[in-house]
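Novice: Dropping the sequence and predicted coords here.
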Amino acid sequence: MAAPQAQPESGSILTASGLTKRYTSGASTLTILEKLHLEIHAGQTLAVVGESGSGKSTLLHLLGGLDTPSEGSVRCAGVDLYAMNEAERARHRNRTMGFVWQQHALLPEFTAEENAAMPLLVSGSPRSEALRLARERLREVGLAARAGHRPGELSGGEQQRVSLARALVARPRILLADEPTGNLDPHTAEAVVDLIFELHRAHGLTSVIVTHNLAFAQRCHRVLKLKAGAADESPGAAA
Ligand SMILES: Nc1ncnc2c1ncn2[C@@H]1O[C@H](COP(=O)(O)OP(=O)(O)OP(=O)(O)O)[C@@H](O)[C@H]1O
Ligand SMILES: [Mg+2]
């Protein structure tokens, strides 16, 4: 099946419409997100906050094409993510989105450079070119000198920098991050937050960041607060 044609974006690069996620187990149904509407414009930073269990990761996964909604749709860069089949969605995801997780998810047996190159290597880019681009990103995150080190030889903050290099190596337009500073001490977290905003600007990204760090959230253009099945939005300080 051919990939669906991209539609004009009309300002929003990521749009959730009527997005609903439910889990059913036996007779009970748990509604995590209900009819959520969200339009994220190119260049925006959106923080997603809320209590544990309020559905932040669920929303991020749905926006990233990593889960399936119960109802509703997500349009990403003009394409309806869940109208595509898995393979098309994965291809679209690799081209348009970069991800950072709370646990860095770096592969322990590979160097920082190889880890940062991984999205290009798995999509079949020539190895030398992938490693060259990975080294470029590592330089941007201040880790040029650690390119040959394995994750176990790097600090938590450095590991998250490698994750950022990996997220951006394929030049995505959208950065999706789930508690990227959740495992870091406050000082290291602040440095990683500064770096995320710096990369956001330098790469012309649109960024969605799940965080428990309210100082981080307040630096974003928008703050979306999830509460069991509902959402409230307020502007951040950058608005
Ligand atoms: N596969 C599943 N089956 C049933 N319930 C699930 C499943 N996955 C997630 N949930 C429930 O969905 C709710 C939202 O989970 P989610 O991981 O999105 O929360 P969160 O806001 O990211 O929380 P945290 O801040 O702890 O990371 C939780 O109550 C969770 O138990
Ligand atoms: Mg979560």
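Specialist: Sure thing, it's come through. Numbering: from 1, shown residues only. Ligands and ions are numbered 1, 2, ... in the order given.

Novice: Any residues of this structure in contact with ligand 1? List them.
Specialist: Y23, L30, I32, G50, S52, G53, S54, G55, K56, S57, T58 (C-beta under 6 Å from any ligand atom). No exception for glycine: its C-beta is placed from N, CA and C like everyone else's.

Novice: May I see the buried residues of stretch 87-97?
Specialist: E88, R89, H92, R93, T96, M97 (16 or more other C-beta atoms under 10 Å).

Novice: what would the residues of the chain next to ligand 1 look like in JSON lines with secondary structure?
Specialist: Supplementary listing: the residues of the chain next to ligand 1 in JSON lines, determined by DSSP: H, G, I helix; E, B strand; the rest coil:
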{"residue": "Y23", "secondary structure": "strand"}
{"residue": "L30", "secondary structure": "strand"}
{"residue": "I32", "secondary structure": "strand"}
{"residue": "G50", "secondary structure": "strand"}
{"residue": "S52", "secondary structure": "coil"}
{"residue": "G53", "secondary structure": "coil"}
{"residue": "S54", "secondary structure": "coil"}
{"residue": "G55", "secondary structure": "coil"}
{"residue": "K56", "secondary structure": "helix"}
{"residue": "S57", "secondary structure": "helix"}
{"residue": "T58", "secondary structure": "helix"}
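
Novice: which among those end up buried?
Specialist: Here, 16+ other C-beta under 10 Å leaves I32, G50, S54, G55, K56, S57, T58 buried among the residues of the chain next to ligand 1.

Novice: contacting residues around the first one?
Specialist: If you count contacts by C-beta atoms under 8 Å, 6 or more residues apart in numbering, I32 has them with K21, R22, Y23, G55, T58, G229.

Novice: try 10 Å this time
Specialist: Residues near I32 by C-beta atoms under 10 Å, 6 or more residues apart in numbering: 20-23, 53-59, 62, 70, 226, 228-229.

Novice: mind checking how far the top helix by length along the chain is from the chain centre?
Specialist: If you go by DSSP state H, the chain has its longest helix at helix 186-202. Helix 186-202 sits 14 Å away from the centroid of its parent chain (C-alpha atoms, centre = their mean, to the nearest Å).

Novice: Quick check: mean pLDDT of it?
Specialist: What helix 186-202 shows for mean pLDDT is 96.

Novice: tell me which residues in that helix are buried?
Specialist: Those would be T188, A189, E190, V192, V193, L195, I196, F197, L199, H200, for helix 186-202 by 16+ other C-beta under 10 Å.

Novice: For ligand 1, see how far away the last one is.
Specialist: Counting by C-beta to the nearest ligand atom, to the nearest Å, the gap between H200 and ligand 1 amounts to 22 Å.

Novice: Thanks again, I'm all set now.
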